[in-house]
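Engineer: Could you look at this predicted model? Sequence included:
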Amino acid sequence: MHDFGFWSVIPPVAAILLAIRTRQVFVSLLFGIWLGWIIIGKGNILTGTIDTIQGMVDVFKDDNNTRTIIFTLLIGILITYVQRSGGVEGFIHAVNRSLVRMEKRKKGQNRMVVQLLAALTGLVIFVESNISVLTVGTLYRPVFDKLKLSREKLAYLADSTSAPSSILVPFNAWGAFIMGLLVVQGFDKPFHTLFRAFPYNFYPMVAVALVLYLVLSRKDYGPMKRAEKRASEEGKVLADDAIPMVSSEITFLEKKEGLPPRAINMIIPIAIMVLMMPLMLIYTGWEGIEDPVFNSFRSNIFEAIGNGSGSASVLYSVTAAVLAGIILYAIQRLLSGKELVELALKGMSGMVSLALLMVLAFALSGLCRELGTGEYVADVTKAWLSPNLVPFIVFLTSCFIAFSTGTSWGTFAIMISISVPMAQTLDANVYLAIAASLGGGVFGDHCSPISDTTIISSMASASDHIDHVKTQLPYALTAGTATALLYLILGFAL
């Protein structure tokens, strides 16, 4: 790998700033990718342009990338099915009846309860962050629209509960991946080490606490306050110039005429999608178990989850949900075979823009690996650290790497390999350093316009992607600032 130094930071930062400034996220990402390949090609524009095209083609060489793009298209099918079958309308009726009973028809209280339910749903589904986001967005978007709650708020609630719950409850692919990184650093008891670092992983805790505070107090601020005011007073769940990540053709699809609204037609496919996730993690990881005969059943299960493929498990889970919906609707004779095929094509076509965005985001991530962006930022900071500042600087560095590259897992891999030996060498608190690395990765996962979780949050809530980033950023910065101060204080106290 060549050493591009400071130049390695320019493409991702330029893409992010341009996207926020112009709202043209596709053009901005493409420009960042093109600029990066020109840097690699030493200023040769022709070579850089050809390499840009090849870089996007190479996205599909990675099985995980391809699976993610395919499951994005399948989610479009699921969205059309649950709407056309009357499942969404039935769910809205069921929720409205419950809210009327609970809150005695107080609209303000209903709005708070629905937001709280959405946040708690995101926290409970800790098996996989993307499944959590998809479930919250799909289930609650129609209810949020009904109560005149902004799409930006739904995207924030989904995004800010998915990754925190996935990292705070490590019985999933996140925990297994992190423990694998700790093993490489010489920890023979990685779960024990992760458990010791847990109390210091402040960012996800503060982020969740902020979500609950904002919901219960109803005190939004910044761009989110304006979005909520627009939705409640004008009835506009989206801004006038918003470009939703999902086509309105599938987000406003009416149920088939003559069908009764039944919540079960939505709940069963979504429940199957969620429940299949841990089973698929076990399935995809079972072959990697060493000496299964000599291990306890519990050990085998945990090891299988650790070996499992997150992208494959999500793809299989969504596929199972789509198939379950087809069977369910066939049994009830709701939709004909022709209608199912037409809806599937309609659903996938509505997700094409998101699939393209995924390709660009993955291409930019691959470019950052080629440029060595993460390694450069980490190397720049580690040379001048004092032991007391290790947690503080590690957290800020992790935040910047994750924001620039759009990957929390890549940030974990880079920063744990640097922060652990750094803390050991400087006699700093190793558990604080590990927690700071993880928290910074989650921060970037929330804020970065090129993070897959951020993109899928916009998609699941049918929100404008840049509006989601802009409204969520002040909240993430609030939690991030509080976390940085905690690491600064504890760095000197411990």
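Structural biologist: That came through fine.
Engineer: which residues of the stretch 351-494 of the chain score low on pLDDT?
Structural biologist: 354, 374, 377-378, 381-386, 417, 494 (pLDDT under 70).
Engineer: And the strands in it?
Structural biologist: Along the stretch 351-494 of the chain, no segments are classed as strands by DSSP state E, counting those that start in this stretch.
Engineer: what ranges do the helices span in it?
Structural biologist: Along the stretch 351-494 of the chain, counting by DSSP state H, counting those that start in this stretch, helices occupy 352-371, 373-382, 390-405, 408-425, 430-447, 452-460, 465-493.
Engineer: want to try a markdown table for those helices, with distance to A330 as columns?
Structural biologist: All C-beta spots, glycine's among them, are computed from the backbone N, C-alpha and C. Output for these, formatted as a markdown table (distance: least, CB to CB, whole Å):
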| stretch | distance to A330 |
| --- | --- |
| helix 352-371 | 27 |
| helix 373-382 | 49 |
| helix 390-405 | 44 |
| helix 408-425 | 39 |
| helix 430-447 | 39 |
| helix 452-460 | 26 |
| helix 465-493 | 35 |
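Engineer: Can you say which of these is nearest to I40?
Structural biologist: Of all the helices of the stretch 351-494 of the chain, it is helix 352-371 that lies closest to I40, at 6.4 Å by CB to CB.
Engineer: That closest one - contacts with which helices or strands?
Structural biologist: helix 10-22, helix 25-40, helix 45-58, helix 63-84, helix 390-405, helix 452-460 (3 or more CB pairs under 8 Å, 6 or more residues apart in numbering; DSSP states H and E).
Engineer: before we move on, back to that, between the helices of the stretch 351-494 of the chain, which gets nearest to V88?
Structural biologist: Using CB to CB, the helices of the stretch 351-494 of the chain put helix 452-460 closest to V88, at 13.6 Å.
Engineer: Now tell me which helix or strand of this structure has the poorest mean pLDDT.
Structural biologist: In the chain, no helix or strand scores lower on mean pLDDT, DSSP states H and E than helix 248-251, which sits at a mean of 58.
Engineer: right, so of the helices and strands packed on helix 352-371, which gets closest to I326?
Structural biologist: Ranking those by their distance to I326 (criterion: CB to CB) puts helix 63-84 first, at 7.5 Å.
Engineer: now the closest one, how far from the centre of its chain.
Structural biologist: From the chain centre to the centre of helix 63-84 is a distance of 15 Å (CA atoms, centre = their mean, to the nearest Å).
Engineer: for stretch 454-462, the distance to its chain's centre please.
Structural biologist: Taking CA atoms, centre = their mean, one finds the center of stretch 454-462 at 8 Å from the center of the full chain.
Engineer: Find the nearest non-adjacent residue to P421, please.
Structural biologist: Q185 (7.3 Å; CB to CB, 6 or more residues apart in numbering).
Engineer: do you know how far G347 is from G325?
Structural biologist: Distance from G347 to G325, counting by CB to CB, to the nearest Å: 11 Å.
Engineer: any common contacting residues for these two?
Structural biologist: Here G347 and G325 share the contacting residues L78, Y81, scored by CB atoms under 8 Å, 6 or more residues apart in numbering.
Engineer: Provide a list of residue ranges in the stretch 101-250 of the chain with pLDDT below threshold.
Structural biologist: 101-108, 127-128, 130-131, 170-173, 175-177, 180, 184, 245-250.
Engineer: try it again with 80
Structural biologist: 101-110, 125-132, 134-135, 138-139, 169-181, 183-192, 245-250 (pLDDT under 80).
Engineer: one step back: count residues in the vicinity of the residue nearest to P421, would you?
Structural biologist: By other CB atoms under 10 Å, the residues close to Q185 number 16.
Engineer: ok, it touching M415?
Structural biologist: No - counting by CB atoms under 8 Å, M415 is not a contact partner of Q185; they are 11.4 Å apart.
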